[in-house]
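In: Quick one, structure for this:
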Amino acid sequence: MSLAGASKHVKVLETAGLVSRRVDGRTHYCRLEAARLAEAQAWFRYYERFWTDRLDTLQAILEAEDRQNAAGQD
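Out: Numbering: from 1, shown residues only. The predicted structure follows:
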């Protein structure tokens, strides 16, 4: 990865509040903001449950259709 590419990624993380940056001359010190990561993790957990429930429902519907189609072929 190029320096410009890495800098761009750090800037995105900084804008999102996940990383803070301190500049000392040409050296940039980055610090992970753990509290913000905990908020992101909570968001991911919510949507993981949401999509797991939806996908489980879809799987049940598709399995029921497969059983109906198999019964109709007998």
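
In: Where does the residue most central in space within the chain sit, in terms of helix or strand?
Out: Computing the C-alpha centroid of the chain and ranking residues by Cα atoms, centre = their mean puts F44 first, at 5.9 Å. Assigned by DSSP states H and E, F44 falls within helix 34-73.

In: likewise S7?
Out: Secondary structure assigned from DSSP H and E places S7 in helix 3-15.

In: Repeat that for S20.
Out: Assigned by DSSP H and E, S20 falls within strand 19-24.

In: Which strands or helices does the following helix or strand past that strand pack on?
Out: Next along the chain after strand 19-24, taking DSSP H and E as the criterion, comes strand 27-32. Strand 27-32 is packed against helix 3-15, strand 19-24, with contacts defined by 3 or more Cβ pairs under 8 Å, 6 or more residues apart in numbering; DSSP states H and E. C-beta coordinates here come from the backbone N, C-alpha and C atoms, glycine included.

In: Which segments of the protein make up each domain?
Out: 1-32, 34-74 (automatic domain parsing).

In: just how off-centre is the shortest one within its chain?
Out: Just to be clear, that refers to domain 1-32. Distance of domain 1-32 from its chain centroid, counting by Cα atoms, centre = their mean, to the nearest Å, is 20 Å.
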